[in-house]
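Student: build me a model:
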Amino acid sequence: MRQPKALWATALASVFAFMGIGLVDPILPAIAVNLQASHSQVSLLFTSYFLITALAMLITGVVSTRIGGKKTLLIGLGLIVVFASLSGLSGDVAQLVGFRAGWGLGNALFVATALAVIVGVASGGSGVAIVLYEAALGLGISLGPLVGAVLGGWQWRAPFFGTAVLMAAAFIALSVLLPTLPPAATKTRLRDPLVALGHRGLRTTAIAAFFYNFGFFTILAYVPFVLGMNAYGIGAVFFGWGVLLAVCSVFLAPVLQNRFGTTAVLAGSLVGLAVVLALLAVFAVGLIPAVVVVTVLSGALLGVNNTLFTELAMEVSSAPRPVASAAYNGVRWLGGALAPFVATTLAEHFGARVPFLSAAVLVLVSAAVILGGRRLLNRHEPEHV
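Tutor: Model (predicted):
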């Protein structure tokens, strides 16, 4: 797969950026103990991060179309370096939650722009670029828990400083390898992502992804508390989960899509994920080895879902890809912001099984949205299906 160096540099930086999503997974219990915080308070590390990411998606296009993709990427990376470092210096959970919000701002500027840059510089079309982007997502999500475990097993603050170092290295690599990208000829307006959601196909995709993310982030942010393991154990589980996610997003999703069609595969995979969440509910009390197996296997369904959702968002409407990405991710990440806090709060009040059951119901809602809007989405089906 011959691609420009600029693409590989951007993809590698994307891996580092996505590591920030799962980096805190292995150290969530340690943070709760060391900062004397409840599980729901610690879950706010995800909530603040993704809430700011979602809201900032509204401005990413405004910024990148005025100063260019390279400058936007570098600003995002710089913010991550600063706020990841500050996160490592936090004295209480409130400070840590606040610094993760700043990290989310940098993440929004980088992630939304990175996809557009990868699509723009890739050879072989947008489909190849999206697969590479999803591979970076999967690899970053898998490596995040591993790095978090290796460093967090030593000291819970270390993963934050480790991330800052990696992102600083990505900053240098992009500065050198990515050519200066001129500002877009057409400037994105602040309202453009909201206007883009007026397209029924894109809106349907975004709403379905919002509900889907309750399943994704219930697994990512709540399972570590159920496992009752140390940082190394949690990191190993989610490393396996992330590897399967990455492999299936790159290799399995395109095969299934070409064979059965996007909406059929997506709806089926969402129903499968609901079943997985129901099994986690059954196993959550007293059957931790089964929780480990089911959690790792869930990565396959999540990898397929992530790739197909992203492809739909990029292709289903006539909106420019940066605008479509901002609109889609703005809605999608709201689910990621709410799910961890909802899951841990439900567990504190109603027991360990309820978060998984509620997430299963919401994932079924996502499947219903896809099936209900399939006529709007079928324009994206492969021609031979």
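Student: buried residues of the helix or strand harbouring Ala9, list them for me.
Tutor: Per DSSP states H and E: Ala9 is located in helix 5-22. Under the neighbour-count criterion of 16 or more other C-beta atoms under 10 Å, helix 5-22 has 6-22 buried. For every residue, glycine as well, the C-beta is placed using N, CA and C.
Student: for stretch 89-106, same thing?
Tutor: For stretch 89-106, a neighbour-count test (16+ other C-beta under 10 Å) marks 90, 93, 96-106 as buried.
Student: chain center to it, what's the gap?
Tutor: Mean-position distance between stretch 89-106 and its chain equals 18 Å (C-alpha atoms, centre = their mean, to the nearest Å).
Student: now do it: everything it contacts.
Tutor: Applying C-beta atoms under 8 Å, 6 or more residues apart in numbering, the set of residues contacting stretch 89-106 from outside is 20, 31, 35-37, 41-42, 44-45, 47-53, 56, 75-84, 86-87, 157.
Student: which SS class is the nearest residue to Val15 once chain neighbours are set aside?
Tutor: If you skip the residues right next to it in sequence, Val15 has Gly140 as its closest partner in space, 4.3 Å away by C-beta to C-beta, 6 or more residues apart in numbering. Under the three-state scheme (DSSP: H, G, I helix; E, B strand; the rest coil), Gly140 adopts helix.
Student: list the contacts for Leu287?
Tutor: Contacts here follow C-beta under 8 Å, 6+ apart; on that basis Leu287 touches nothing.
Student: looking at the buried residues of stretch 89-106, which is nearest Val226?
Tutor: Val93 (20.3 Å; C-beta to C-beta).
Student: sorry, back to before: buried residues in the helix or strand following the helix holding Ala9?
Tutor: Taking DSSP H and E as the definition, the helix or strand that follows helix 5-22 towards the C-terminus is helix 28-34. Of the residues in helix 28-34, 28-32 count as buried by neighbour count, 16+ other C-beta under 10 Å.
Student: you'd agree Ala347 is up against Pro355?
Tutor: Yes: with contacts defined as C-beta atoms under 8 Å, Ala347 counts as touching Pro355 at a distance of 5.2 Å.
Student: I'd like the buried residues of helix 28-34 laid out as CSV, including distance to Gly144 and pLDDT.
Tutor: What follows is the buried residues of helix 28-34, written out as CSV (distance: C-beta to C-beta, whole Å; pLDDT from 0 to 100):
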residue, distance to Gly144, pLDDT
Leu28, 12, 83
Pro29, 16, 85
Ala30, 16, 86
Ile31, 15, 87
Ala32, 19, 87
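Student: many thanks, we can stop here.
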